[in-house]
Structure formats: structure tokens, C-alpha cells
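Visitor: I'd like to go over a predicted model; first the sequence, then the structure.
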Amino acid sequence: MAAPVTHYVKSDDVHIAYQVVGNGPQDLLFAPGFVSHVEALWQVPARSAFFRRLASFSRLILFDKRGTGMSDRGSQIFTLEQRMHDVSAILDEVGSERAALFGVSEGGPMSLLYAATYPERTSALILYGTYAKHSWAPDYPCGWTDERWDRFFENLERNWGTPQGISLEMWGPSLAHDPNIAEGVASYFRTAASPGAAVAIMKMNREIDVRHILPAIRAPTLILHRHGDRVIDIESARRMAQGIAGAQLIELPGIDHLYSVDGDTILNHVEQFLSARAVALQLFNRRDPLLQYHLLLLERLDLHLGLLEICLLRRQSLDFGVFLVELGLPGVVEKSENQGSKNQACADEYHRQRRSRVHRTPRGLRSNLSKKVYADHG
């Protein structure tokens, strides 16, 4: 299969390179980490396989951030707001009104900010190996210390473009024993960015802190993180999950930060997550007023998407609301003659409990669901 065609869109005074791959049922924009090159990535077998599978169940949109890859280069420090503007320009250019965002590593904070700023354009949010804050603080002990940053920058400027420039012992320990892979990674990074651009990107990352916007995110959110990640501590993912209402955190085994290492494990979760949304949207488009009401109510209450998928698979008729009551979800739908009416008092109480962390939907329902639903599916 030939590599996709690269296109350009102008965002302010910068040309942003992008590609569109696949024709799946929903748009998926991949926000790359650190540096990328949309044409060179197809020459790396593991990366190519990763993105081809993503494109098999979505319309995949790839791009190079300003300052990297095939986009206009520069060594100045760009802001997350500028990158958000670039994403909007790309989505406008390809005719995408709503898209799921898949942010990996350094692409995560921009994805978080975009989802909070443009909820009407964000259908779902997927995060892998990322963070809301990268640097240590008294209230954030899982970030990088000043000493670690200093060592990183010193090595980056001295060894950029060599296997030592981005140490696989940290980024991909399971690959570090193979010198050919190490040289391949170094070659890809040399193609993707200059030393000055790499330093500028990491200086921006050092200052990132988007923790304050986490409560504003309303898109269904899946967070994937390897338990032994040596670049971003797993605690960063746990704190994000606590800050985003209804977020699902899956802690994966392994110590590699690179998404292309054992990429199928990541992709299995991503495909399942997005397939659930596809089922929901397909049923929503049937224009059954009562079913639409219940779907909207679930989204307004920020329920875990796995619950939504199960409900849709188990009940697609007028007793859908009753099924939610049977699951033991307090205050969502009151069984009455008018099942389509909203019980605002119960909804308010539900949100109050969520804010106080008394009732955590994903974990609180999972054991209940496993007994009532999952057993039915073997």
C-alpha cells in the first residue's frame, strides 16, 4: 500500500502538513508526541503498521506540528493555543465537524486543552503515555525535577540525531539491545526536527500545566498508560483520570514509552472504545425520540462509555430507561409513566456525589455490571 498524499493548510502564517488515511465511520485526529514526520513514519514498519490499523476503523488525520516534520520549521517556542488553532484549521480543511482526538505523550496536553475549549467539535478523547503537567512541584511530585531537565537538555544539545540523543533505555527499553533499531530511531528524529526545534519543544513542555482545565472536559475519555513507563510516571495518568469526570484509565503492563512498541495492545483498547461510540451514534441516528433522550442523558451525566455500549447492546427499546434503574445507577432515570421526563433533582444529586467523589461511575458500576451484564455475554 502506497504512503498517503501529504497536503498543506495555512494556519495564520504557517503551513501545516497533514494526511488523511482511511474512510472509517468517524474522524480520528492523531496528535503526535515530541516530533514527527508524516512521510518518514510510513518508512518505519512498526509505526506504519500502527497507523494503518488506526485507519482501518476510522478516517485518520495525521499532521506535523508547526516547527517539525514537513510543516514550516522554526526554533521558536510555540504555544498550545497556536497548536490548537492549527488543529482547527486542519479539521476545517478536511470537512470534519467533530473528531475524536488521540494525543500521545507531548500531544496529550494540547488534546486536553482542545477538548475543553471546543467540546462541540470533540467527539471523544484518547490519551496515551501523557500528562497534564510535566515538571515537579510540591503538589505534583511525579513530574521531572530541575536536575532531570538539566541532564536531558545537556544530552539533547550534545547528541541530537544520534542513538544517544534520545536514549532508548528510557524511551523504549525493550528495543535498546538492538543497535539497528537505535539508529533507525535516531534517523527518524533527525528527519523530524532540528536540534533547536527539539530543544524549543521540550522547553515548552517543561512549562506545561493544564490541570486546571481537566474538570471542563466533557468528551468521553480513555487514558492508556504503561505501568512502568520511564518517561512519564503512571501517577500522571492516575491524576488525570481523577480530574476528568467519567474518564476510564487502563494501566497497561510494560516499561516502554513509545506507542509503536506492542502497539496492538494499545490499538485493541482504542478500537473497542471508538467502536462503542460508533454503536451509540448509529442507534442515535435511528431518530427514536426516547432512545435519543436516554443517550443524551447519559452523555450529560458524563457516564463511562463502556456502560453506554453495554446498555445499547442489551436494550434498544422503550424500556431502556428501566434497564438503567435495574443496573443500580442512582438518580439517572426514574421509572414512571413518562419515562422521557428528566428527574432534575436526581441528576443534581448525582453530580453532587460525583464532585465529592462519593459515587465514581466507572469503578462503582463495574462490579455491578459484571454480575448483571458481562456474564450474559460469556
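Guide: Ah, there it is. Residues are numbered from 1 along each chain as shown.

Visitor: C-alpha from now on. contacts and neighbour counts both.
Guide: OK.

Visitor: so, low pLDDT: which residues of the stretch 51-200 of the chain?
Guide: The stretch 51-200 of the chain contains residues with pLDDT under 70 at 75.

Visitor: same deal with the stretch 201-350 of the chain?
Guide: 277-350.

Visitor: and the helices in it?
Guide: Here the stretch 201-350 of the chain has its helices, by DSSP state H, counting those that start in this stretch, at 234-243, 263-284, 289-300, 305-314, 320-326, 344-355.

Visitor: now do the stretch 1-150 of the chain
Guide: Counting by DSSP H, counting those that start in this stretch, the helices of the stretch 1-150 of the chain are 45-56, 80-93, 107-117, 146-159.

Visitor: any idea of the angle the third one forms with helix 234-243?
Guide: When axes from the mean of the first three to the mean of the last three Cα atoms, to 10 degrees is applied, the directions of helix 107-117 and helix 234-243 differ by 10 degrees.

Visitor: what's near enough to touch residue 50?
Guide: Counting by Cα atoms under 8 Å, 6 or more residues apart in numbering, residue 50 makes contact with 260, 263-264, 267.

Visitor: Throw those residues into JSON lines and include neighbour count, thanks.
Guide: Below are these laid out as JSON lines (neighbours: other Cα atoms under 10 Å):
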{"residue": "260", "neighbour count": "19"}
{"residue": "263", "neighbour count": "16"}
{"residue": "264", "neighbour count": "14"}
{"residue": "267", "neighbour count": "16"}
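
Visitor: returning to what we had before: make JSON lines out of the helices of the stretch 1-150 of the chain and add distance to residue 246.
Guide: Formatted as JSON lines, the helices of the stretch 1-150 of the chain follow (distance: least, Cα to Cα, whole Å):
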{"stretch": "helix 45-56", "distance to residue 246": "24"}
{"stretch": "helix 80-93", "distance to residue 246": "24"}
{"stretch": "helix 107-117", "distance to residue 246": "14"}
{"stretch": "helix 146-159", "distance to residue 246": "33"}
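
Visitor: compare these and give me the one nearest residue 21.
Guide: Closest to residue 21 of those is helix 45-56 (Cα to Cα; 5.8 Å).

Visitor: burial measure for residue 156, as a count.
Guide: When neighbours are counted by other Cα atoms under 10 Å, residue 156 registers 21.

Visitor: for it, which non-adjacent residue is spatially closest?
Guide: Nearest residue to residue 156, sequence neighbours excluded (Cα to Cα, 6 or more residues apart in numbering): residue 165, at 5.3 Å.

Visitor: next, count neighbours for the one you found.
Guide: Using other Cα under 10 Å, residue 165 has 21 other residues around it.

Visitor: shouldn't it be within a strand?
Guide: No. Secondary structure of residue 165 (DSSP: H, G, I helix; E, B strand; the rest coil): coil, not part of a strand.

Visitor: quick check: it touching residue 186?
Guide: Yes. Between residue 165 and residue 186 there is a contact at 7.4 Å, judged by Cα atoms under 8 Å.

Visitor: which non-adjacent residue is nearest residue 195?
Guide: Closest to residue 195 by Cα to Cα, 6+ apart is residue 160, at 6.0 Å.

Visitor: residue contacts, that neighbour?
Guide: Residues near residue 160 by Cα under 8 Å, 6+ apart: 166, 186, 190, 195.

Visitor: and what of residue 102?
Guide: Applying Cα under 8 Å, 6+ apart, we find residue 102 in contact with 28-31, 108, 111, 125-128.

Visitor: strands - which of these land there?
Guide: Taking DSSP state E as the definition of strands, the contacts of residue 102 contribute 28-31, 125-128.

Visitor: returning to what we had before: wait, which of the helices of the stretch 1-150 of the chain is closest to residue 219?
Guide: helix 107-117 (6.9 Å).

Visitor: list the contacts of the closest one.
Guide: In contact with helix 107-117 (Cα under 8 Å, 6+ apart) are residues 31-34, 80-81, 83-84, 101-103, 121-122, 125, 127-128, 130-133, 208, 210, 213-214, 216-219.

Visitor: likewise stretch 193-205?
Guide: Contacts with stretch 193-205, where a contact means Cα under 8 Å, 6+ apart, come from 34-36, 67-69, 73-79, 106, 134, 153, 156-157, 160-161.

Visitor: swap in 10 Å and give it another go.
Guide: For stretch 193-205, contacts defined as Cα atoms under 10 Å, 6 or more residues apart in numbering pick out 34-37, 66-70, 73-80, 106, 109, 133-135, 149, 152-154, 156-161, 165, 189-190, 192, 206, 208.
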